[in-house]
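**Student:** Just the structure for this:
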Amino acid sequence: MKYLIDFTALAILYTFCFLGKWKIKGKDILFVNTLMYIYLSFVLYFTLMPIITSIPFVLNHPYVPMNMVPFIDVVKGRGDFLRQVVLNIVMTIPFGFLFPLTQNRTAKFIRTVFFCFLMSLGIEILQPLINGLRSSDVTDLITNVIGGMLGYGFYVIFKPVTFRILYHLKKRD
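**Tutor:** The predicted model follows:
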């Protein structure tokens, strides 16, 4: 139920704030921006949700600062570090691929990596604030940025195919 409230808020936000604005710009823009919106919604689901029902309890637990020792879990062999590293990389590959497409196809590598870093930093700062059971880690930040970089690499590799698909969508307007 808690997640349903967040997803309902995201659906309302999409419908009333973005859908009309993106639809006017063409099917290609609508398609890419909607894909990015869905992707970001899933990132929120896996990293921060439930959010809305957690707001009243934000100050009811101590804020644990970010672990600033990179890859300490890997070095000490704690937990399922390999799984966490891989999942954090995989989670942001779509960001690195989709972000340049949402920027009128002009986003450069540095800009894409910078915004991937900002998204990841925001998640890492908010995780322990929203939920006292969650922690934040500089390793997650590093691996998320690596994922964004890989995603940008896929964007560059598949740019011709992607542009052809988007061109055909635009042509159908």
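
**Student:** tally of neighbours for residue 46?
**Tutor:** Neighbour count for residue 46, taken as other CB atoms under 10 Å: 10. Any C-beta I mention is one placed from the backbone N, CA and C, and that applies to glycine too.

**Student:** And for residue 132?
**Tutor:** Residue 132 - counted by other CB under 10 Å - has 16 other residues nearby.

**Student:** And residue 133, by the same measure?
**Tutor:** Residue 133, neighbours per other CB under 10 Å, totals 9.

**Student:** Which of the three states applies to it?
**Tutor:** Of the three states, residue 133 takes coil under DSSP: H, G, I helix; E, B strand; the rest coil.

**Student:** Over to residue 79?
**Tutor:** Under three-state DSSP, residue 79 comes out as coil.

**Student:** What is the helix or strand bottoming out on mean pLDDT in the chain packed up against?
**Tutor:** Scoring the helices and strands of the chain by mean pLDDT, DSSP states H and E places helix 72-76 at the bottom, with a mean of 83. Counting by 3 or more CB pairs under 8 Å, 6 or more residues apart in numbering; DSSP states H and E, the packing neighbours recorded for helix 72-76 are helix 81-102, helix 138-171.

**Student:** which of the ones you listed sits most buried?
**Tutor:** Across the helices and strands packed on helix 72-76, averaging neighbours per residue (mean count of other CB atoms under 10 Å) puts helix 81-102 on top, at a mean of 19.

**Student:** May I have stretch 7-19 exported as CSV, CA atoms only?
**Tutor:** What follows is stretch 7-19, C-alpha atoms only, in CSV (Å, rounded to 0.1, in the frame of the first residue of the first chain):
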residue,chain,number,x,y,z
PHE,A,7,3.4,5.2,-7.7
THR,A,8,0.0,7.0,-7.8
ALA,A,9,1.8,10.3,-7.1
LEU,A,10,4.3,9.6,-9.9
ALA,A,11,1.5,8.7,-12.3
ILE,A,12,-0.3,12.0,-11.4
LEU,A,13,2.9,14.0,-11.8
TYR,A,14,3.5,12.4,-15.2
THR,A,15,0.0,12.8,-16.4
PHE,A,16,-0.6,16.4,-15.3
CYS,A,17,2.9,17.9,-15.5
PHE,A,18,4.9,16.1,-18.3
LEU,A,19,2.7,14.2,-20.7
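
**Student:** Give me the contacts around it.
**Tutor:** 30, 33-34, 37, 41, 44-45, 52 (CB atoms under 8 Å, 6 or more residues apart in numbering).

**Student:** Buried residues in it, which are they?
**Tutor:** Neighbour counts over stretch 7-19 (16 or more other CB atoms under 10 Å) mark 10, 14 as buried.

**Student:** Name the spans of this protein whose pLDDT lies under the cut-off.
**Tutor:** Applying pLDDT under 70 to the chain flags residues 105, 173.
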